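Got a sequence here, can you model it:
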Amino acid sequence: MLRVKANQPTLREGIALLFASATERLKPVRETRKRGGRREVRELVASPALNEWAQWPHLAQVARLVSERTQGVVTTRETHYLITSLGAHEAPPRRLLHLSQGHWGIENRLHWVRDVTFDEDRCQVRSGAAPQVLAALRNTVIGLLRGAGASNIAAALRTYAAHPQRALALVTNP
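Prediction:
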């Protein structure tokens, strides 16, 4: 399951338009959780309606996930658009809702680091295999740093930049 971000504006707008116009036909699933004085309501609705239009490899469903968090008197609301290769028979909306929760852990530990720390979205390398090679190198660096016990990748990068001999040792003696 992937979150559709601003760097895919056509796909994102298409999914938003689908769910804005199809609300009465699609049944959302809801989940409410309370933790530490915070209440979170998550609602997901999914559809295979854009599979051919989107021309995205292996696309089986698109989804809209709305999260509403209330802590005290402050309420925040976020809407995320998702795509998945899991069909409706493999992953009905209830399962997608649960899978999306686990996905955010991966998103926060890997993709967020790639997006924010490595500023991957602004990388101008776009041809041939170079984007995939750079992504693999970033993933390798993140994996090496996590394996070395780093919980803050940005701080670890600064530390190793200041001590290149330690960075070399990390690569040659993982």
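
Quick one: the strands in this protein, in order.
Per DSSP state E, the chain carries strands over the ranges 2-4, 29-35, 38-47, 61-71, 74-84.

Turn the ones you listed into JSON lines, including mean pLDDT and distance to Phe118.
Placement of C-beta: from N, CA and C, glycine included. Formatted as JSON lines, the strands of the chain follow (pLDDT from 0 to 100; distance: least, Cβ to Cβ, whole Å):
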{"stretch": "strand 2-4", "mean pLDDT": "84", "distance to Phe118": "17"}
{"stretch": "strand 29-35", "mean pLDDT": "90", "distance to Phe118": "31"}
{"stretch": "strand 38-47", "mean pLDDT": "92", "distance to Phe118": "29"}
{"stretch": "strand 61-71", "mean pLDDT": "93", "distance to Phe118": "25"}
{"stretch": "strand 74-84", "mean pLDDT": "93", "distance to Phe118": "21"}
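
quick one, helices of this protein?
9-21, 51-54, 93-106, 112, 130-147, 153-162, 164-172 (DSSP state H).

closest to Arg42 out of the ones you listed?
Nearest of the helices of the chain to Arg42, taken as Cβ to Cβ: helix 93-106 at 6.3 Å.

ok, then the element right after that closest one?
Next along the chain after helix 93-106, taking DSSP states H and E as the criterion, comes helix 112.

Now that following helix: average pLDDT?
For helix 112, mean pLDDT rounds to 75.

Can you get me a residue count around Asn7?
11 (other Cβ atoms under 10 Å).

quick one: contacts for the closest residue to it other than its chain neighbours?
With Cβ to Cβ, 6 or more residues apart in numbering as the measure, Asp121 is the residue that lies nearest to Asn7, at 5.4 Å, once sequence neighbours are left out. Asp121 is in contact with Lys5, Asn7, Asp115, counting by Cβ atoms under 8 Å, 6 or more residues apart in numbering.

before we move on, what about Leu97?
Val29, Glu31, Arg42, Leu44, Leu65.
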